[in-house]
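Q: for reference, the sequence and a predicted model appear below.
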Amino acid sequence: MSDPHPARFPDREDKRTFLQKIAEFIHPGPDSADELIETLAEAQENNIIGAESRAMLEGVIRMADMTAGDVMVPATRMDLVHIDEPYDVLLHGVIDTGHSRFPVYQGERENIIGILLAKDLLKLQRAPELNIRALLRPPVFVPESKGLNDLLREFQSNRNHQAIVIDEFGRVAGLVTIEDVLEQIVGEIEDEFDIAEDEGDIFGLADRTYRVSGDTTIERVEDAFDVKLLSTDPADEFDTIGGLIAHEMGHVPKRGERHRMAGLEFVVLHTKGGAVKWFKVSPVADEPV
C-alpha cells in the first residue's frame, strides 16, 4: 500500500559519481584560510568566479585576522581641531583637509572631547550665538586589538563612521574610519579628488590653478609648466612629483601644507596612505616660472 502522505519535498537526487564521492571523502575541503584562498584562485582559473569577486572574497578572509591597529591612520597624521580655534581658522582647516569628520581636542591633543561634522559648521553661520561644544558628537574609542569584523559590525549598528584607536596604555594611537575597513574588502575607495587615469593627471581648475596627481612623473610636470625641477641634492633621483616634494620638505606632507619650487607653489590637497594624492599647483607671482 502506498504512503497516503508522501513527502512534499523529497530529497534531491545525488548526481555525484562514485569517483567524485571518493575524491570528496579524501579531500573534504580547505582546512585553513590559506587553503581557502588557494581554492578561490582555482575557482577563478576555472571561470567559476571573476577576478573582482575573488579579490573581494580574499579580502573578507584576510580581514578576519586584522585589527584596528593594522589599518588606522597614526596619531601623528591625524587632522584634529582645537575647541578654542576661531571660526575662520576652523573653517579654513576644514576646507583645506577635505574631511567630513574631525576629532576635537581641548588642551593636549590626547584629550579628545568630541567629533565635529563639517556640515554642522553651517549651523554656526546661521546662528553665530551657538557654542561649538553643542555641535560635538560623542567620540567612539576602540583598542588597537579590535578585530575588523567586530569593528565593522559596530560601525553598522551604531551608525558611526569613525573611531579613535587607543593603545594598551590608554593613549591615542590613531584614527580608523569605516572607509578604512571597507577598503580591505573592495580595495581603495575613490573620492571626489580621484579621477580616472585616462582623464589625465594634470588638469585645470576654474580659478586658473591646476590639480596635479602626486604620482605624476616629474618629466610630465616639467613639460606642462615649462620648468626644471631639481632636487637640492643632485645625488637623489625621483620619479614622481610627490616623492620629490616630500624629499624637499623633509617629511611626509600633510593636507594644507605648501611648498615653493621652480616658481611654482604646491599645496597639498589630499593625502592617503602616507603619500600625496593631489596637489594644487599655481605659478608664484613674484618668482619666474
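A: Sure, I can see it. Numbers count the residues shown, from 1 in each chain.

Q: so how far is Ser32 from Ile185?
A: Relative to Ser32, Ile185 is positioned 20 Å away (C-beta to C-beta, to the nearest Å). Just so you know, the C-beta spots here come from the backbone N, C-alpha and C atoms, and that holds for glycine as well.

Q: just checking, His161 touches Glu154?
A: No: counting by C-beta atoms under 8 Å, His161 stays clear of Glu154, with 11.1 Å between them.

Q: ok, now which ones touch the most centrally placed residue in the chain?
A: Nearest residue to the geometric centre of the chain (C-alpha atoms, centre = their mean): Asp180, 4.9 Å. Asp180 is in contact with Val71, Met72, Val73, counting by C-beta atoms under 8 Å, 6 or more residues apart in numbering.

Q: following element in sequence after the host helix or strand of it, please.
A: Applying DSSP states H and E as the criterion places Asp180 in helix 178-186. Downstream of helix 178-186, the next assigned helix or strand under DSSP H and E is strand 202-204.

Q: quick one: mean pLDDT for the following helix or strand past that following strand?
A: Next helix or strand after strand 202-204 toward the C-terminus (DSSP H and E): strand 210-213. Taken as a whole, strand 210-213 has an average pLDDT of 86.

Q: which other residues reach stretch 113-128?
A: Contacts for stretch 113-128 (C-beta under 8 Å, 6+ apart): 81, 83, 87, 90-91, 94, 99-106, 130, 132-133, 135-139, 162.

Q: so, low pLDDT: which residues of the stretch 51-200 of the chain?
A: Residue ranges of the stretch 51-200 of the chain with pLDDT under 70: 96, 98, 187-200.

Q: what are the ranges of the strands in the stretch 151-289 of the chain?
A: Assigned by DSSP state E, counting those that start in this stretch, the strands in the stretch 151-289 of the chain fall at 162-166, 172-177, 202-204, 210-213, 258-261, 264-272, 275-283.

Q: which ChimeraX command selects the buried ones in the contacts of stretch 113-128?
A: Selection of buried members from the contacts of stretch 113-128 for ChimeraX, criterion 16 or more other C-beta atoms under 10 Å:
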select :81,83,90,94,99,101,102,103,104,105,132,135,136,139,162
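
Q: in strands only, show me the contacts of stretch 113-128.
A: With strands taken from DSSP state E, the overlap with those comprises Val81, Arg101, Phe102, Pro103, Val104, Tyr105, Gln162.

Q: that's a strand at Arg62, yeah?
A: No: Arg62 is assigned helix when assessed by DSSP: H, G, I helix; E, B strand; the rest coil, not a strand.

Q: identify the residues contacting it.
A: Ala33, Ile37, Gln184.

Q: show me how to select, in PyMOL, the buried members of those.
A: To isolate the buried ones among the contacts of Arg62 in PyMOL, judged by 16+ other C-beta under 10 Å, type:
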select buried, resi 184
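
Q: got the contacts of Arg62 as a markdown table, with distance to Pro283 columns?
A: As requested, the contacts of Arg62 are exported to a markdown table (distance: C-beta to C-beta, whole Å):
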| residue | distance to Pro283 |
| --- | --- |
| Ala33 | 53 |
| Ile37 | 51 |
| Gln184 | 41 |
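
Q: per-domain residue ranges of the chain.
A: 69-186, 197-283 (automatic domain parsing).

Q: of the ones you listed, which is nearest Met63?
A: domain 69-186 (4.8 Å; C-beta to C-beta).

Q: what sits closest to Ala33 if chain neighbours are left out?
A: Spatial nearest neighbour of Ala33, chain neighbours left out: Ile61 (5.3 Å); criterion: C-beta to C-beta, 6 or more residues apart in numbering.

Q: what's the local residue count around that neighbour?
A: Ile61 has 15 neighbours, counted by other C-beta atoms under 10 Å.

Q: for the one 3 residues further on, same thing?
A: Neighbours of Ala64 under the rule other C-beta under 10 Å: 10.

Q: of Ile185 and Ser32, who's got more company?
A: Each of Ile185 and Ser32 has its neighbours counted (other C-beta under 10 Å); Ile185 has more, 17 against 8.

Q: for that one, give me its contacts.
A: Met56, Gly59, Val60, Met63.

Q: any chance of TSV for those, columns distance to Arg220 and neighbour count?
A: Below are the contacts of Ile185 laid out as TSV (distance: C-beta to C-beta, whole Å; neighbours: other C-beta atoms under 10 Å):
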residue	distance to Arg220	neighbour count
Met56	33	16
Gly59	33	16
Val60	38	12
Met63	36	20
